[in-house]
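Engineer: Sequence and predicted model, in that order:
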Amino acid sequence: MPFSFDALRRRPDLEGPDLVAVDAADRLILDESADDRARVGERELVVIGDAFGALTLGAADAGARGIRVHQDEVLGEEALRANAAEADLHDAFTSHALDASLLSGARVVLLRLPRSLRALADIAGLIALHAHPDVVVYAGGRLKHMTVTMNDVLRERFDRLDVSHARQKSRVLIARGPHDGVEPEPDAAEVDGIRIRAFGGAFAGASIDIGTRLLLAHLPAPHDGRAIDLACGTGVVAAALAVRHPSLEVIACDQSALAVASARATAEANGVADRVQVVRDDMMRSQPDATATLIALNPPFHSGAAVTDQLAPRMFADAARVLAPGGELWTVWNSALQYRPALERLVGPTRQVARDRKFTVTVSTKR
């Protein structure tokens, strides 16, 4: 069928009335960049941070081909492919890691601004390092998620920065004249004996959030078997398990490319990279049934910019699939979310292990 913004969907990510696949910022980025996009050749257009394909497919519908795309989340990549197939634009783009293969020789970059200033700095440094000297960057977002500091971050790597008029509560920053490009390096810290490495935008950065800290304080001591750090973030739990229990097989999984890169760097910093397998995955889709003895989880409650309580139950159900009979799901959650009934229903008998002013730690045993 012909391409239409109205036909874009988020699947296989969560869908619902308040969970949109395209917004006014996507449309404004495309409108502001139209003239420059019309002048570039094949493989000279790059798209970064396209949630579900609106930027990529909007550009492809206007004639662009060889579009190079980076999306942090696995589900975003899958939604783009599904939306492209329906619009018969599946051959208009290729997916890449956030590296030189994405940006080498790029003349126009369409960017959805990340919320993290550190992530924006990393992206700007990479563009300045690898893109063509005459590259133009169209970086847009919703006004409620933008700050004037974003302008300063871009000015550190570009000679000129223009700002579009606001439209439908969205705005675009237009950067030209790249200079002083640099490869990103993870932030580093050591907390409670664990060395943490975090690239810009990774949850909690180079620290341990208070929920994960409470979980780590109460995790049991499995002597063997297979443990999984689900939604691993920077891989702190996986690294801690591997350091504490040398005979344990540990897997860390997350759908975010930034998280996976951070978790790999964390495992390496702690000397356990040979014993921690880091996987970019939708939950634990690549893991076989009934194979894990322990799963540790601090479930997210954001789907993109939207807050939702629908993510955690999906993770509980997948944990039940992957746990061997008698295996345990150790979960930390904001006490106000009241996840215990869902854990009981989806996994098995659940008991409270710890609780502080904000968080609860439970263990659920697979029936």
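Structural biologist: That came through fine.
Engineer: which residue is nearest the middle of this protein?
Structural biologist: Ser256 (3.1 Å; Cα atoms, centre = their mean).
Engineer: which residues does the nearest residue to that residue once chain neighbours are set aside contact?
Structural biologist: Counting by Cβ to Cβ, 6 or more residues apart in numbering, Ser256 lies nearest to Asp72, which is 5.3 Å off, once chain neighbours are set aside. The way it works is simple: take the backbone N, C-alpha and C, and place the C-beta from them, glycine included. Asp72 makes contacts with 49, 98, 201, 256-258, as judged by Cβ atoms under 8 Å, 6 or more residues apart in numbering.
Engineer: Please indicate which of these are buried?
Structural biologist: Buried members of those, counted by 16 or more other Cβ atoms under 10 Å: 49, 98, 201, 256-258.
Engineer: Identify the residues contacting stretch 341-349?
Structural biologist: Here stretch 341-349 has contacts from 312-313, 316-317, 319-320, 323, 329, 331, 350, 362, 364-367, using Cβ under 8 Å, 6+ apart.
Engineer: how about that stretch: buried residues?
Structural biologist: 342-343, 346-348.
Engineer: And it, how far out from the chain middle?
Structural biologist: 27 Å (Cα atoms, centre = their mean, to the nearest Å).
Engineer: and the least confident of the buried ones among the contacts of Asp72?
Structural biologist: For the buried ones among the contacts of Asp72, the weakest pLDDT value sits at Gly201, with 93.
Engineer: What about Pro341? Give its phi and psi, please.
Structural biologist: phi -60, psi -40 (degrees, to the nearest 10).
Engineer: Repeat that for Leu120.
Structural biologist: Torsion angles, degrees, to the nearest 10, at Leu120: phi -60, psi -40.
Engineer: List the contacts of it.
Structural biologist: Taking Cβ under 8 Å, 6+ apart, we find Leu120 in contact with 113-114, 139, 150, 153-154, 200.
Engineer: can you rerun that using 6 Å?
Structural biologist: Contacts for Leu120 were tallied using Cβ atoms under 6 Å, 6 or more residues apart in numbering; they are 114, 153.
Engineer: follow-up on the earlier one: any idea which of the buried residues of stretch 341-349 is closest to Ile228?
Structural biologist: Val347 (13.7 Å; Cβ to Cβ).
Engineer: before we move on, which element is Val361 in?
Structural biologist: strand 359-365 (DSSP states H and E).
Engineer: just to revisit the earlier point, partners of the residue nearest to the centre of the chain in the sheet?
Structural biologist: Beta-bridge partners recorded for Ser256 (DSSP bridges): Glu73.
Engineer: Next one: it from Gln168, what distance?
Structural biologist: Per Cβ to Cβ, to the nearest Å, Ser256 is found 28 Å from Gln168.
Engineer: ok, now Gly49?
Structural biologist: 19 Å.
Engineer: Same check on Val40?
Structural biologist: Counting by Cβ to Cβ, the gap from Val40 to Gln168 is 26 Å.
Engineer: These two: who's more crowded?
Structural biologist: Using other Cβ atoms under 10 Å as the criterion, Val40 and Gln168 rank with Val40 on top: 20 against 12.
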